[in-house]
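[1] predicted model follows, preceded by the sequence.
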Amino acid sequence: GPLGVAEWERVRLHPYLTESTLACCPALAGLGRLAGAHHERLDGSGYHRGTRELDLRQRVLAAADVVAALGEDRPHRPALAAPRIADTVLGEVKAGRLDAVAAEAVLAAAGRPTRRARRSGWPAGLTDREVEVLRLIARGRSNKEVAAALHLSVKTVGRHVENLYTKIGVSSRAAAAVFAMQHRLLDP
């Protein structure tokens, strides 16, 4: 059944206990921080630290933990079917809790393809990342907001914006937004 407050707090301690246990062994101490981050989320809603600062390894591990957990029977629910796992994980991505690239890589590696097929051959030779940036700037996000959403530096976002402006032949965000709408790049 549902966990009580005290039971839930005990469950939330396991990443901390994992990290502290691994820290006791010099050969495994370096993995402790990584292993202890498997329930952390990009929006800070995870535990045990509640951090938003996750490196690539931690992002992949967080996505892998969700995929593995959803695919296993639990006392409170049966394992989910593959399409539901993908839908649930992509919902976590959309909500800003899991990294999109990490989640899609883990789903693909687990043999659970996403329903959102990657589109090849974007217009004007845009890359997948440039399309992600274009979608956000077309919706009025600043470079700083795009950087936060995609977990990039502001400087990197600036380079992507410059590159995509050159590729699509525009010089303003408004023109880029029109291009995105004309090519149906704002559709999910």
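    Okay, I see it.
[2] the helices in this protein, which residues?
    Counting by DSSP state H, the chain has these helices, from start to end: 5-12, 14-23, 29-35, 56-70, 82-94, 100-109, 128-138, 143-150, 154-168, 173-182.
[3] can you list those in a markdown table and add distance to residue 50 and mean neighbour count?
    Just so you know, the C-beta spots here come from the backbone N, C-alpha and C atoms, and that holds for glycine as well. A markdown table is the format used below for the helices of the chain (distance: least, C-beta to C-beta, whole Å; neighbours: other C-beta atoms under 10 Å):
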| stretch | distance to residue 50 | mean neighbour count |
| --- | --- | --- |
| helix 5-12 | 10 | 10 |
| helix 14-23 | 11 | 16 |
| helix 29-35 | 15 | 14 |
| helix 56-70 | 13 | 19 |
| helix 82-94 | 16 | 17 |
| helix 100-109 | 19 | 19 |
| helix 128-138 | 25 | 20 |
| helix 143-150 | 17 | 17 |
| helix 154-168 | 24 | 17 |
| helix 173-182 | 34 | 16 |
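[4] and those helices as TSV, adding distance to residue 44 and mean pLDDT?
    Converted to TSV, the helices of the chain look like this (distance: least, C-beta to C-beta, whole Å; pLDDT from 0 to 100):
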stretch	distance to residue 44	mean pLDDT
helix 5-12	14	88
helix 14-23	15	93
helix 29-35	17	90
helix 56-70	12	94
helix 82-94	14	90
helix 100-109	17	89
helix 128-138	20	92
helix 143-150	12	92
helix 154-168	20	94
helix 173-182	29	93
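[5] gap between the two ends of stretch 168-178?
    In stretch 168-178, first residue to last residue: 11 Å (C-alpha to C-alpha, to the nearest Å).
[6] and the contacts of it?
    Residues outside stretch 168-178 that contact it (C-beta atoms under 8 Å, 6 or more residues apart in numbering) are 123-124, 126, 134, 137-140, 164-165, 179.
[7] now do 7 Å
    Stretch 168-178 has contacts (C-beta atoms under 7 Å, 6 or more residues apart in numbering) with 124, 134, 137-138, 164-165, 179.
[8] likewise stretch 97-107?
    By C-beta under 7 Å, 6+ apart, the list of residues contacting stretch 97-107 reads 41-43, 45, 59-60, 62-64, 66-67, 86, 89-90, 92-93, 113-114, 151.
[9] about what we covered before: distance to residue 49 added to the helices of the chain, as TSV?
    Listed next are those as TSV, based on distance: least, C-beta to C-beta, whole Å:
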stretch	distance to residue 49
helix 5-12	11
helix 14-23	8
helix 29-35	10
helix 56-70	11
helix 82-94	18
helix 100-109	18
helix 128-138	27
helix 143-150	19
helix 154-168	25
helix 173-182	36
